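Engineer: Output the structure for:
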Amino acid sequence: MTSSRLTTCSLVKNGHAIRLEFVDGEGQPVAVEFPFDQAQSIIMTLPQMLSKALQRRTQSRSSRYVFSLGHWSIESGDENGLILTMATPDGFQVSFAIPFDACRAMGWALGHEGRSATETDSANAPANERWLLN
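Structural biologist: Modelled structure (predicted):
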C-alpha cells in the first residue's frame, strides 16, 4: 500500500494508541493504529530517515532535513535539568529533558556561534547596515 495523503491523526484507547488515517494510491481510506510505545519508536526514527532520504536524493552526506523554528520555551524540569520545547510554525513540536551541564554547554555554544556568525555578517555588511547585538 502507498499513501497518497494523510487525512486524520487521532488519539484512541484513552491515549494508549495513535491512529493515522490515509487515502491510499487508489483513493481508498486506510487507517493504521499504533500502540503508544510503537508510535514513540516511529517518531524517533522518522527525522533521521528523512535526512538519510535527502542525502541519497542529493547525493550529499552533509544534507540534513531541517525543521524551521517557530517558537521555543524553557521550563523547569526536575532537580536534574530543564525542559526545552521547540516548535515549527505549523505546529510540530518536540520537548527535550536537558541536564544542567548540557544547558551550560549549549548556552556557551549558542553564544559563541551566534557571536561568530554576527561578527562575520557584520564584517561583510555595508557600513550603513551594520548593527551591534548584545
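
Engineer: so residue 3 makes contact with residue 23?
Structural biologist: Yes - with contacts counted by C-beta atoms under 8 Å, residue 3 reaches residue 23, the gap being 7.2 Å. Where C-beta positions appear, they are placed from N, C-alpha and C, glycine not excepted.

Engineer: which residues do the two both contact?
Structural biologist: With contacts taken as C-beta atoms under 8 Å, 6 or more residues apart in numbering, residue 3 and residue 23 have residue 30 as neighbours in common.

Engineer: What are the boundaries of the strands in the chain?
Structural biologist: For the chain, strands defined by DSSP state E occupy the ranges 3-12, 17-24, 29-35, 71-76, 81-87, 93-99.

Engineer: can you state the direction angle for the longest helix seen in the chain and strand 93-99?
Structural biologist: Counting residues, the longest helix found in the chain (DSSP state H) is helix 100-124. Helix 100-124 and strand 93-99 are oriented at 120 degrees to each other (axes from the mean of the first three to the mean of the last three C-alpha atoms, to 10 degrees).

Engineer: buried set for helix 100-124?
Structural biologist: Applying a neighbour-count criterion of 16 or more other C-beta atoms under 10 Å, one finds nothing buried in helix 100-124.
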